[in-house]
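Asks: build the 3D model from these lines:
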Amino acid sequence: MKIAYVFPGQGAQYPGMGKDLFDQSETARSMFDEANRILGFSISDIMFSGSDEDLRQTKVTQPAIFLHSVILAKVLGNRFSPDMIAGHSLGEFSALTAAGALNFEDGLILVYKRALAMQKACEIRPSTMAAVLGLENEVVEKICSKVDEIVVPANYNTLGQVVISGTFEGIDLAISKLQEAGARRVIKLQVGGAFHSPLMEPARKELEQAIAEAPVQPPRCSIYQNVPAQPSTDPSVIRQNLIAQLTHPVKWTQTVQNMLHDGAGRFIEVGPGNVLQGLVKKVDRSVEVMSAQITP
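Replies: Residues are numbered from 1 along each chain as shown. Purely as a prediction, here's the structure:
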């Protein structure tokens, strides 16, 4: 049985995140101190003592989740033994850093640049996202394509759950059509903008050079990236997919299906929360899922 390690993305944050790592591990304390130095502000203080509102700022959320995941993987030591890895959106950077493709400083700097670029893109054109429950992917895709505004599938999270992304007008028009088509529920999300859509093109352009110049090494095992949902260890392919990820959908359902096809029998979530475990279970109820634990 192969073990897949998966890393969460934006939305998994919570007040107090990472404090247990800091309290129990000298390695974790050292890495949090290093992160504060790299970023130029005390992100550990915000993670440990900040409010929900503090943690919802994209420029804080993304590096905070990255740090929680990467530091946890480091503290696990030899118990972090993946046969394959994947990360949901931001989690792709965490996965690559945990698996040695990016070093800690380069990974954190890229994540912070990504967060700032995405925040800026959100401010250029106000936009949002909505979760669609109970429709086939093809139905959601067809409806989005017929809306006379920017609105696209952004996250294929699990069977029967697709998140759409677009302008406020586009989302409203799509919601009406999706409900007419029989969607069980359509829920507007409390997010800063239309992630994984063409509206993130300014962020893609801004981040492209930074990713192209980052020293990426082959990871210790295959990573199943969001854009193709296929495994790779090739640094040039990994870079291309990281850049494309900003404006293309997260194919999480397809990623999990491909990992299962390639022999994954246990999925271990590394980072805050347990969202990914729930999504994996909805793809295959028989598969084993669990959270990474710092105590044996």
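
Asks: can you pull the contacts of Pro198?
Replies: Shown in contact with Pro198 (CB atoms under 8 Å, 6 or more residues apart in numbering): 150, 152, 247. Any C-beta I mention is one placed from the backbone N, CA and C, and that applies to glycine too.

Asks: report the buried residues of stretch 216-225.
Replies: With burial defined by 16 or more other CB atoms under 10 Å, the residues of stretch 216-225 counted as buried are 216, 219-225.

Asks: so how far is it off the chain centroid?
Replies: Centroid separation for stretch 216-225 versus its chain: 16 Å, with CA atoms, centre = their mean, to the nearest Å.

Asks: distance between the ends of it?
Replies: 15 Å (CA to CA, to the nearest Å).

Asks: all the strands of the stretch 1-150 of the chain, in order from the start?
Replies: 2-7, 84-87, 127-133 (DSSP state E, counting those that start in this stretch).

Asks: most packed of the ones you listed?
Replies: Scoring these by mean neighbour count under mean count of other CB atoms under 10 Å gives strand 84-87 as the most buried, with a mean of 29.

Asks: how far away is the residue nearest to Ile175 when sequence neighbours are not counted from Gly170?
Replies: With sequence-adjacent residues excluded and distances taken as CB to CB, 6 or more residues apart in numbering, Ile175 is closest to Val186, at 4.8 Å. Distance, Val186 to Gly170, by CB to CB, to the nearest Å: 13 Å.

Asks: rewinding a little: need the strands of the stretch 1-150 of the chain in JSON lines with mean pLDDT and distance to Val256, can you?
Replies: Listed next are the strands of the stretch 1-150 of the chain as JSON lines, based on pLDDT from 0 to 100; distance: least, CB to CB, whole Å:
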{"stretch": "strand 2-7", "mean pLDDT": "98", "distance to Val256": "8"}
{"stretch": "strand 84-87", "mean pLDDT": "98", "distance to Val256": "8"}
{"stretch": "strand 127-133", "mean pLDDT": "96", "distance to Val256": "17"}
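
Asks: by residue count, which helix of the protein is the longest?
Replies: helix 104-124 (DSSP state H).

Asks: so how far is that one from its chain's centroid?
Replies: Put simply, helix 104-124 sits 13 Å off its chain's centre (CA atoms, centre = their mean).

Asks: may I see the buried residues of it?
Replies: So helix 104-124, judged by 16+ other CB under 10 Å, has buried residues 104, 106-119, 121-122.

Asks: okay, the angle between it and strand 127-133?
Replies: Helix 104-124 and strand 127-133 are oriented at 100 degrees to each other (axes from the mean of the first three to the mean of the last three CA atoms, to 10 degrees).
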